[in-house]
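Participant: Sequence and predicted structure are below.
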Amino acid sequence: MYIPRLKILYKKKIVKLLIKKLKYKNEMQVPKLLKIVINIGVGIAVKNKKYIFDTMDDLNMITGQKSIFRLSKKDEDGFKLRKGTPIGCMVTLRNNIMYEFLDRLISIALPRSKDFNGIKDNSFDGNGNYNLGIKEHIIFPEIDFDKVKRIYGMNISIVTNAKSNLESKYLLIYLGLPFKNKNIYGKRIIKI
């Protein structure tokens, strides 16, 4: 059975490093990833429904999992939006697919971003979860740039079971997320 390399790294090295760094008494206290939720808002879909299907196809290719519609919850006359109209799509990743996606995001997609020099370290929500906004979905190698009709941004929420932002931050640092503040975090701490 195939196990993603980031999951192997977590089990073999990161758990021990977090126990040592945060002074846990046993392995059960160590924070872990629960899920990754990816959302794409497609406001233009109000005028042309075809865009929502193109976006869903792109999201399916990026994640390797089928995405679902997100429907509007109320009417908005200013935007000509009716309740129940599809205006976005989302997917929730868990287990091996989650680790595979995170590995591709860290290793391949983020370095392909225009003028990339790290991600902000202030996007934690207070409960140990991290939110990352990406301006262009074409940074993923699965997307064929020649076939893209419209470029969309996406929101990636990394959900952990950490009790605080500090615990979650250390977990994400050890997993290899490239934060901007170099004098605190430096280079990738663990080699995969």
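Facilitator: Cool, the structure landed. Numbering: from 1, shown residues only.
Participant: Tell me the pLDDT of residue 78.
Facilitator: The score at residue 78 is 59. That number is its pLDDT.
Participant: And residue 6, its phi and psi?
Facilitator: Note on residue 6: backbone dihedrals following degrees, to the nearest 10 are phi -70, psi -30.
Participant: any idea how far residue 99 is from it?
Facilitator: 5 Å (Cβ to Cβ, to the nearest Å). Yep, even glycine has a C-beta here, placed from its N, CA and C like the rest.
Participant: And for residue 179, nearest residue in space, chain neighbours not counted?
Facilitator: Excluding the flanking residues, the one nearest residue 179 by Cβ to Cβ, 6 or more residues apart in numbering is residue 121, at 4.5 Å.
Participant: SS state for residue 21?
Facilitator: Three-state call for residue 21 (DSSP: H, G, I helix; E, B strand; the rest coil): helix.
Participant: For the residue nearest to it when sequence neighbours are not counted, grab phi and psi.
Facilitator: Leaving aside its chain neighbours, residue 21 sits nearest to residue 170 (6.1 Å; criterion: Cβ to Cβ, 6+ apart). Residue 170 adopts backbone torsions of phi -60, psi -40, taken as degrees, to the nearest 10.
Participant: go on, residue 38?
Facilitator: phi -120, psi 130.
Participant: beta partners for it?
Facilitator: Note on residue 38: beta-bridge partners by DSSP bridges are residue 91, residue 156.
Participant: tell me the average confidence for stretch 15-28?
Facilitator: 88.
Participant: Just the buried residues of that stretch, please?
Facilitator: 15, 17, 18, 22 (16 or more other Cβ atoms under 10 Å).
Participant: ok, back up a step: can you tell me the number of residues neighbouring the residue nearest to residue 179?
Facilitator: As a burial measure, residue 121 scores 17 neighbours (other Cβ atoms under 10 Å).
Participant: okay but it is in contact with residue 177, surely?
Facilitator: No - using Cβ atoms under 8 Å, residue 121 makes no contact with residue 177, being 9.0 Å away.
Participant: on that earlier part again, what pLDDT does the residue nearest to residue 179 get?
Facilitator: 81.
Participant: Understood, closing this out.
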